[in-house]
Structure formats: structure tokens, C-alpha cells
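> quick one: sequence and predicted model below, then my questions.
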Amino acid sequence: QVQLVESGGGLVQAGGSLRLSCAASGRTYSIYSVGWFHQAPGKEREFVAAISWSDGYTDYAADSVEGRFTVSRDYVKYTVYLQMSSLKVEDTGVYYCAADTFGRGIVSRQFDSWGQGTQVTVSS
């Protein structure tokens, strides 16, 4: 089992920045990739970005986040980050990180171990 804990959410003004963290524990050796998802109020959870644990290969959702959000990892700390810049009101919601422990491949965007989420609120 892999346990994931997100942190770093909060209230920020539009145009501001936040860095979210996702700390992994447990069977971290089983992690192939880690992804970030965004769930806006009243909407379904959507893929944001992912990073391959071994080689750092990244995958981003379409235009809405690329160029504004950057995913990275600290291999030693078993932590994945989501740096969010130029935040917009529509970025508001709960952000979840998730791990793929089955080796489906980062481009599949399928994950099996989920964190509890961290709330991000962007005010206008």
C-alpha cells in the first residue's frame, strides 16, 4: 500500500502562485508515476499533470494548465510537487494526487492510490 498526503493548498488572489506537495509513504518502491487532479465545485475530477517516478517524464493536460503549472519530484523525499502560477478563479477546487502502482504507463493517466486532497481557493 502507498499512502499519499497532499498539502500546500489555501486562499490566493488571481494571478498568484501556490506550490502543492504530495508526500508518499509506505510501499514507495511500487510507484511508477504520480498524477495531480483537480475537482472544481460541482464538477468531476479532471487530470492536471503527472510525472514518471523513475525518469521524471511529465505529462500535462491541455492548454488550460500547460505553461502555468509545473510538476516535479524530489526522489529522496518521496514527494511530488505541483507549482501553480498565474492562478485563475477557475483553478479553485480540491487538488488530489494519485499514484500508479501497477505500471500502466504515464500516458494512460490511470492511478490507483489516492490522497485526501487539498483545497485551493482563488479569489478575484
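In hand now; what should we look at? Computed from a predicted model, the values in this text were never measured in an experiment. Numbers count the residues shown, from 1 in each chain.
> OK, contacts around the residue most central in space within the chain?
The centroid of the chain falls nearest to Trp36 when counting by C-alpha atoms, centre = their mean (2.3 Å). Residues near Trp36 by C-beta atoms under 8 Å, 6 or more residues apart in numbering: 20, 22, 47-50, 69, 71, 80, 82, 95-98. Every residue, glycine included, has its C-beta placed from N, CA and C.
> top of those by neighbour count?
Cys97 (31 neighbours; other C-beta atoms under 10 Å).
> quick check: can you name the pairing partners of the helix or strand harbouring it and their directions?
Element membership for Cys97 (DSSP states H and E) is strand 93-100. Strand 93-100 has its sheet partners listed here by DSSP bridges as strand 33-39 (antiparallel), strand 113-114 (antiparallel), strand 118-123 (antiparallel).
> so for Ser86, which of those strands sits nearest?
strand 118-123 (10.3 Å; C-beta to C-beta).
> who's in contact with that closest one?
Under C-beta under 8 Å, 6+ apart, the answer for strand 118-123 is 6-14, 16, 18, 20, 84, 87-95.
> okay, angle between the helix or strand Cys22 falls within and strand 93-100 too, please.
According to DSSP H and E, Cys22 maps onto strand 18-26. Put simply, strand 18-26 runs at 40 degrees to strand 93-100, going by axes from the mean of the first three to the mean of the last three C-alpha atoms, to 10 degrees.
> list the buried residues in strand 18-26.
By 16 or more other C-beta atoms under 10 Å, the buried positions in strand 18-26 come out as 18, 20-24.
> and the furthest pair within those residues?
The widest separation within the buried residues of strand 18-26 (C-beta to C-beta) is 19.8 Å, between Leu18 and Ala24.
> on that earlier part again, make CSV from the contacts of Trp36 and add pLDDT and distance to Gly117 to it.
Formatted as CSV, these follow (pLDDT from 0 to 100; distance: C-beta to C-beta, whole Å):
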residue, pLDDT, distance to Gly117
Leu20, 98, 10
Cys22, 98, 10
Phe47, 95, 15
Val48, 95, 12
Ala49, 95, 16
Ala50, 96, 16
Phe69, 95, 16
Val71, 96, 16
Val80, 98, 14
Leu82, 97, 12
Tyr95, 98, 6
Tyr96, 98, 5
Cys97, 98, 9
Ala98, 98, 10
